[in-house]
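1. 3D model of this:
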Amino acid sequence: MLLLATAGSARAFAGPVAFADLARHPQYAQVELSPDGRYVASLSVIGGRTDLSVIRIADHKGFNLETHDRGDVTAFWWVSPTRIIYTEGVRDSNFDAPLADGQLFAVNADGRGRALLYGYGSNNPYWGPAQQLISTLPNDPNHVLVSVERADGSSEDGGMPVVERMDVTSGRMSKVMDGPAEHVQFLADHAGNIRFAFGVDDEDHAIVYSHPPGKGGWQAMSAAEAARDFPIAFDATDKAVYFSCSVASGFGVCTWDPATRKMTTVWTNPHVVANGLTEGPARDQFLGVDFEDGRPGVALFDPHSAGARLLVGLMQQFPGQLVQFVSSTRDGSRSIVLVSSDTDPGTYYLYEHATNTAVALLRPAPWINPQEMATKQPFEFKARDGLELHGYVSYPPGMEGAKHLPMVVYVHGGPYGIRDWWDYEPDVQAVATRGYAVLQVNFRGSGGYGHAFEKAGWMQWGAKMQDDVTDATRWAIAQGIADRNRICIYGASYGGYAALEGAIQEPDLYKCAIGYVGVYDLDMLYRRGDISESHDGRDYLRRVLGDDTAELAARSPAHQAGRLKASVMLIVGGQDTRVPPAQGREMLHALRAQHHDVTWVYQRKEAHGFYDEANVADLYEKIDGFIGRSIGPGAVVVHAPPGQAATH
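-> Numbering: from 1, shown residues only. All right, here's what the predicted structure looks like:
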């Protein structure tokens, strides 16, 4: 029997969660053990910045690493039992969180030996961003394999990727090999041999190469390219490689035998692609396949293995929640287990194999009470053209199954390759906990349902992608979930476009539209913003949008303002370089020219999505007030103490 130390009992209900609590950044992320299990490291929010924290488990002593330029640590990797490589980022990017600037740093587990390995001022010429840390070298703890781009100045998009062996103390590099093509990632086996390069080219064609050890260089895998089968990881023996693969029944994971060059299917699903391989309680141990077909699921390769039995035992301790091994030692003596759900940001547990105990270690957001949060209920339906679509309905807390609720349709951004998940989502909770149902749909173009589904969204801005959102809204009305007279539509980035375009196309369906850092003039994407600044970006726009200016104008909300009946809120970040403020201002001027009232929210120092906690909390307050003025107050939720039923 697994012995479990809990993180504490839930407090009594005290009304809806505060917007300030929903806006707070998680205190911890990426919690990982050192390979020998002596240390645990995490990204930790301290004084408003994200630092690297390292603790020695034996005596709970450690340090918090301050970044060089008072920015944020964005990611880290244990490259040996005593050495960590990490990246830093700054908050002047075009996204709503700090992004790594491509430089690599290192520090010892005891806080000493700090060094800049790769970047401005290092021992290496700064060619360009480090694409990836490819692999540690188990037999050489002083070096790692990294991929960098050696730009020659002839291309605005960088250069060919090169594999380098990097010294983790000095940063000195020695070339291992050239990549076979642009835009590829690399996969190494457990001995540190580069065995695969894969990616997607400028025309969205798959690129897959193998590199057998000592057999003459890169070899194109034409069959894998045609099927868009990409390598994921080597098994523990290096005798088989897990690949994502297409199968007759939908999507799959296969093993590829380097000796026979044959694929063997080990998992299939008719609806969704795999999220990845299920980590086990030891490094490089894979128990099965992770996927999300509505709710998260795990398909185990061998349910009778010791690792699988342990995972199942943990799942039984946490029914209805997602349980994952997120970090383990090489020998399996210790593991970090993350338990989370649609209502719970999660708890990290330290599992000790010797004593079969799991002890609560860190809670990223202990101020969130899961019993006060809205649950996500998966649904599926068919669009008007018969395409099967999936999504989620979040009901106000305690009101699951309630009928004729005021509803907000929340459209995800991207749009391509991004999807909505069964997870804790503060933006959704900020609306649902105020008494509104929240509808999310993975329209065509979304990720997770295969390349054909994603490609079906190309050239469909304001067309079939928009129809999918409309059809989901009408489905919710037909199911009795939504009050047809009290519906708003809301989204960020592409979602902001879809919110305004949806209200234009369906003037009697939506009573209000909220565009958050949204695109409102499609042609402007070719003239303003960072996408158009590169050859790759311009190719992408032509591929997914087209370049017919008349057609782009016809599908742009800023050119159709006269058709809007819904009340409108526009939210703009002054530092946004992905969707510059000019997009929001053009929409604002177009609406005012039609004498249409607009609620305008502008934050000069925010970017492509607000990041500052006070600004986010204030934004939630403004959105709630706007929705209430537009469709009336949310349903009244009467919270009950734990163990009792809520009424409404």
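2. I'd guess G307 is in a helix, am I close?
-> Yes: counting by DSSP: H, G, I helix; E, B strand; the rest coil, one finds G307 located in a helix.
3. verify the stated contact: it with G288.
-> No: assessed by C-beta atoms under 8 Å, G307 is found out of contact with G288, at 9.5 Å. Heads up, the C-betas are built off the backbone N, CA and C, glycines and all.
4. how far away is A223 from V208?
-> Relative to V208, A223 is positioned 9 Å away (C-beta to C-beta, to the nearest Å).
5. looking at those two, which one has more neighbours?
-> Set A223 next to V208 and count neighbours by other C-beta atoms under 10 Å: V208 wins out with 25 against 11.
6. now do the more buried one against G192, distance only.
-> From V208 across to G192, the span is 21 Å (C-beta to C-beta).
7. now V409
-> Counting by C-beta to C-beta, the gap from V409 to G192 is 49 Å.
8. go on, A20?
-> According to C-beta to C-beta, A20 stands 48 Å off from G192.
9. more neighbours: these two, which one.
-> For the pair A20 and G192, the greater number of neighbours falls to G192 (18 against 15), based on other C-beta under 10 Å.
10. what's the helix or strand for that one?
-> For G192, there is no host helix or strand (DSSP states H and E).
11. name the nearest residue to it, sequence neighbours excluded.
-> Counting by C-beta to C-beta, 6 or more residues apart in numbering, the nearest residue to G192 once its immediate chain neighbours are dropped is L137, at 4.3 Å.
12. F453 too?
-> Nearest non-adjacent residue to F453 (C-beta to C-beta, 6+ apart): R444, at 6.0 Å.
13. residue contacts, that neighbour?
-> By C-beta atoms under 8 Å, 6 or more residues apart in numbering, the residues touching R444 are A383, L387, L389, F453, E454, A456, G457, Q460, K464, M465, D468.
14. and for F453?
-> By C-beta under 8 Å, 6+ apart, F453 lies in contact with R444, G445, S446.
15. what about the helices in the stretch 251-400 of the chain?
-> Applying DSSP state H, counting those that start in this stretch to the stretch 251-400 of the chain gives helices spanning 306-317.
16. look up phi and psi at G447.
-> Note on G447: backbone dihedrals following degrees, to the nearest 10 are phi -80, psi 170.
17. tell me the pLDDT at it?
-> For G447, the pLDDT comes out at 97.
18. what separation is there between H353 and L588?
-> For H353, the distance to L588 (C-beta to C-beta) stands at 59 Å.
19. between those two, who's got more neighbours?
-> Between H353 and L588, counted using other C-beta under 10 Å, L588 has the larger neighbour count: 21 against 18.
20. wait, isn't the more buried one in contact with D597?
-> No: between L588 and D597 there is no contact under C-beta under 8 Å: 11.2 Å.
21. residues in contact with stretch 490-499?
-> Against stretch 490-499 from outside (C-beta under 8 Å, 6+ apart): 408-415, 427, 431, 461, 465-466, 469, 489, 513-520, 557, 571, 578-579, 608-609, 623.
22. so which of these are in helices?
-> The members of the contacts of stretch 490-499 that map onto helices under DSSP state H are D427, V431, M465, Q466, V469, I623.
23. which of these are buried?
-> Applying 16 or more other C-beta atoms under 10 Å to those, the neighbour count classes D427, V431, M465, Q466, V469, I623 as buried.
24. farthest-apart pair in these, please.
-> M465 and I623 (23.4 Å; C-beta to C-beta).
25. low pLDDT regions in this protein?
-> 1-14, 68-70, 90-101, 121, 125-131, 150-158, 637-648 (pLDDT under 70).
26. quick one, strands of the stretch 251-400 of the chain?
-> Taking DSSP state E, counting those that start in this stretch, the strands of the stretch 251-400 of the chain run over residues 262-269, 276-279, 286-293, 295-300, 322-328, 334-340, 347-352, 357-362, 376-382, 388-394.
27. could you point out which of the contacts of R444 is nearest to V163?
-> E454 (29.2 Å).
28. counting neighbours, which bits of the helix or strand hosting the closest one end up buried?
-> Taking DSSP H and E as the definition, E454 sits inside helix 451-455. Residues H451, F453, E454, K455 are the ones in helix 451-455 that count as buried (16+ other C-beta under 10 Å).
29. report how many residues lie close to K382.
-> 11.
30. just the one 5 residues further on next, same as before
-> By the criterion of other C-beta under 10 Å, L387 has 17 neighbours.
31. list the contacts of it.
-> Contacts of L387 (C-beta under 8 Å, 6+ apart): R444, A456, D468.
32. can you put those residues in a markdown table and add distance to T82?
-> Formatted as a markdown table, the contacts of L387 follow (distance: C-beta to C-beta, whole Å):
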| residue | distance to T82 |
| --- | --- |
| R444 | 49 |
| A456 | 49 |
| D468 | 51 |
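33. how about A20: what's its closest non-neighbour residue?
-> A617 (4.5 Å).
34. what about the one you found, which SS state?
-> Per three-state DSSP, A617 ends up helix.
35. now do the strands in the stretch 401-550 of the chain.
-> Ranges of strands in the stretch 401-550 of the chain, per DSSP E, counting those that start in this stretch, are 405-411, 437-442, 482-492, 512-516.
36. between those, which one is closest to N64.
-> Taking the strands of the stretch 401-550 of the chain one by one with C-beta to C-beta, strand 482-492 is closest: 31.9 Å.
37. what's the angle from that closest one to strand 512-516?
-> Orientation of strand 482-492 against strand 512-516 (axes from the mean of the first three to the mean of the last three C-alpha atoms, to 10 degrees) gives an angle of 20 degrees.
38. if I look at S340, how far off is A41?
-> 20 Å.
39. now the buried members of the contacts of stretch 490-499.
-> For the contacts of stretch 490-499, a burial check counting by 16+ other C-beta under 10 Å picks out 408-415, 427, 431, 461, 465-466, 469, 489, 513-520, 557, 571, 578-579, 608-609, 623.
40. and the residue nearest to G417 when sequence neighbours are not counted, how many residues sit next to it?
-> Nearest residue to G417, sequence neighbours excluded (C-beta to C-beta, 6+ apart): G447, at 3.9 Å. Residues lying near G447 (other C-beta under 10 Å) number 18.
41. for N124, which residues are in contact?
-> Residues in contact with N124 (C-beta under 8 Å, 6+ apart) are L117, Y118, G171, R172, M173.
42. want to throw those residues into CSV with neighbour count, secondary structure and distance to L541?
-> Output for the contacts of N124, formatted as CSV (neighbours: other C-beta atoms under 10 Å; DSSP: H, G, I helix; E, B strand; the rest coil; distance: C-beta to C-beta, whole Å):
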residue, neighbour count, secondary structure, distance to L541
L117, 24, strand, 35
Y118, 25, strand, 31
G171, 19, coil, 37
R172, 14, coil, 40
M173, 21, strand, 35
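43. what's the burial count for A554?
-> A554 has 12 neighbours, counted by other C-beta under 10 Å.
44. and it, how close does it get to W461?
-> According to C-beta to C-beta, A554 and W461 sit 11 Å apart.
45. give the residues shared as contacts by these two.
-> With contacts defined as C-beta under 8 Å, 6+ apart, no residue is shared by A554 and W461.
46. ok, G445 touching R419?
-> No: G445 is beyond contact range of R419, at 9.7 Å (criterion: C-beta under 8 Å).
47. so which of those two has more stuff around it?
-> Neighbours were counted for G445 and for R419 using other C-beta under 10 Å; G445 has more, 25 against 22.
48. for the more buried one, which non-adjacent residue is closest in space?
-> G457 (2.1 Å).
49. who are the neighbours in contact with that neighbour?
-> Listed by C-beta under 8 Å, 6+ apart, the contact set of G457 reads P415, Y416, F443, R444, G445, S446, K464, M465, V544.
50. one more time with 10 Å, if that's ok
-> G457 is in contact with 414-417, 443-446, 463-465, 468, 494, 544, counting by C-beta atoms under 10 Å, 6 or more residues apart in numbering.
51. got it, and I55?
-> Y39, V40, A41, S42, S44, K61, G62, F63, N64, A109, L361, L362.
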